[in-house]
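Student: build me a model:
(one chain, ligands or ions: 2)
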Amino acid sequence: QDNQPAAAGANEADESLREAADSVRQGGLVAFPTETVYGLGANALMTEAVEGIFQAKGRPSDNPLIVHVASETDLEELVLPYPPLAARLMERFWPGPLTIVLPVRPNVLSPLVTAGLPTVGVRMPRHPVALQLIKLAGCPVAAPSANRSGRPSPTLASHVLEDLAGRIDGIIDGGAAGVGLESTVVELEGERGIRILRPGGVTAEAIRLALPDAEVISEPETGAAPEQPRSPGMKYTHYAPKGELAIVQGKPEAVVSYVNEQAKLLKADGAATGVLSFSERASRYDADLVLDLGSESKLEDAAHRLYSALRRFDEAGIDRIWSEACPAEGIGGALMNRLVKASGGTIVELDK
Ligand code: TXA
Ligand code: MG
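Tutor: Ligands and ions are numbered 1, 2, ... in the order given. Okay, the predicted model is just below:
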């Protein structure tokens, strides 16, 4: 039979990926899935294209973009010689959710990509569609998360359309993004230091395990924006839900009763209330909208669901949201980082 639907489907997918890659090479803006969140890709060598990213997102121009590559040969053209520690990180974690800040080679990338910094954040994604898109485009691909600035990063193609429909040239729907939180951003300090600028898909523990002789430096999560941020993106408040979000920490029983008391009071005032809970206690909250992040013994699920959940609170017009907390270990570190940012640092400590 020369008419097999499966084969035809695969060809169509190939064809649309090729079209998307052509569009990127020629200066178009194309959203695509990665193993972290959806990215909004543009040719990193073309200033007009990169300018389009900032416009479509409404992103401040002093916040630099991550450049995505498909091979280490591609990388060599973009950066100056880098220390062996960086090479070891790449060897261990690429392709994957790790962005490494390296000295940029002058006059190659559009200057808008680096926002005037002497460095560039680079990563090689693991998602097959992302890798293939970059390969076919044949150019380095600048790609921030494909959301409007100030909204949660998109983990589904429908999130991208909610934020960017009419502002971009195309989107490749690859289903749900993997990790659900953005990549880990690191910079090197001296010969042994690896500073985590943004916790993400590659955990601090995984880096320590892979490179036992390195010193991994990660800052505790306070919610306060650093005065002199080492990563420009860290000074922006990021996503905050339309409703006020508070993180409630303490013994599980105490958290449930505190949240239910507060919710009762606020409901009496006519407020719409929401709770972000782990499965273990989700059925015990009396709020208008209780969203279940999955079991607290499987924080990967919570990471995967967080941004969708935050979007749903906005859609439902929730005024006040309480969120449970989790230990800042493993992927929990990145999860708490995003929650603390979304709460603007509002943390209620019940049993301290
Ligand atoms: O998972 C991800 O990293 C996704 C996908 C699409 O790859 N991209 C992403 O990009 O999250 P964006 O633009 O939303 O976040 C980039 C972060 C920002 O916090 C930015 O400040 C930081 O990386 N960054 C970029 N270049 C940097 C540099 N040269 N030095 C320090 N931080 C940098
Ligand atoms: Mg972003």
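Student: strands along the stretch 101-250 of the chain, start to end?
Tutor: Secondary structure of the stretch 101-250 of the chain (DSSP state E, counting those that start in this stretch): strands located at 119-123, 141-142, 170-171, 184-189, 193-198, 215-218, 244-249.
Student: partner strands of the first one, parallel or antiparallel?
Tutor: Going back to what we said before, that points to strand 119-123. Strand pairing for strand 119-123, using DSSP bridges, gives strand 66-68 (parallel), strand 98-103 (antiparallel).
Student: next: the third one.
Tutor: Applying DSSP bridges to the sheet, strand 170-171 is found paired with strand 30-32 (parallel).
Student: and the helix or strand following the strand it pairs with with strand 119-123, angle?
Tutor: Downstream of strand 30-32, the first helix or strand assigned by DSSP states H and E is strand 39-43. Using axes from the mean of the first three to the mean of the last three CA atoms, to 10 degrees, the direction of strand 39-43 lies 120 degrees away from that of strand 119-123.
Student: output strand 39-43 as PDB, nothing but the C-alphas.
Tutor: Taking Å, rounded to 0.1, in the frame of the first residue of the first chain, the C-alpha atoms of strand 39-43 are listed here in PDB:
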ATOM      1  CA  GLY A  39      10.400  28.500  23.800                       C
ATOM      2  CA  LEU A  40       9.900  31.300  21.400                       C
ATOM      3  CA  GLY A  41      12.700  30.900  18.800                       C
ATOM      4  CA  ALA A  42      14.400  33.400  16.500                       C
ATOM      5  CA  ASN A  43      17.600  33.400  14.500                       C
END
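Student: now tabulate the strands paired with strand 119-123 in TSV and tack on distance to Val24, mean pLDDT and mean neighbour count.
Tutor: (Glycine included, C-beta is placed from N, CA and C.) As requested, those are exported to TSV (distance: least, CB to CB, whole Å; pLDDT from 0 to 100; neighbours: other CB atoms under 10 Å):
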stretch	distance to Val24	mean pLDDT	mean neighbour count
strand 66-68	10	98	27
strand 98-103	19	98	24
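Student: mind exporting stretch 58-69 as CSV, just the C-alpha atoms?
Tutor: Taking Å, rounded to 0.1, in the frame of the first residue of the first chain, the C-alpha atoms of stretch 58-69 are listed here in CSV:
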residue,chain,number,x,y,z
GLY,A,58,6.7,42.7,26.0
ARG,A,59,10.1,41.8,27.5
PRO,A,60,12.5,44.5,29.0
SER,A,61,15.4,44.8,26.6
ASP,A,62,18.0,44.5,29.4
ASN,A,63,17.1,40.9,30.1
PRO,A,64,19.3,38.7,27.9
LEU,A,65,18.1,35.6,26.0
ILE,A,66,19.4,32.0,26.1
VAL,A,67,20.9,30.8,22.9
HIS,A,68,20.1,27.2,21.9
VAL,A,69,22.5,25.1,19.9
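Student: out of the strands of the stretch 101-250 of the chain, deepest packed?
Tutor: By mean neighbour count, with neighbours taken as mean count of other CB atoms under 10 Å, strand 141-142 ranks first of the strands of the stretch 101-250 of the chain at a mean of 29.
Student: ok, back up a step: any idea which of the strands of the stretch 101-250 of the chain gets closest to ligand 1?
Tutor: Closest to ligand 1 of these is strand 119-123 (CB to the nearest ligand atom; 3.3 Å).
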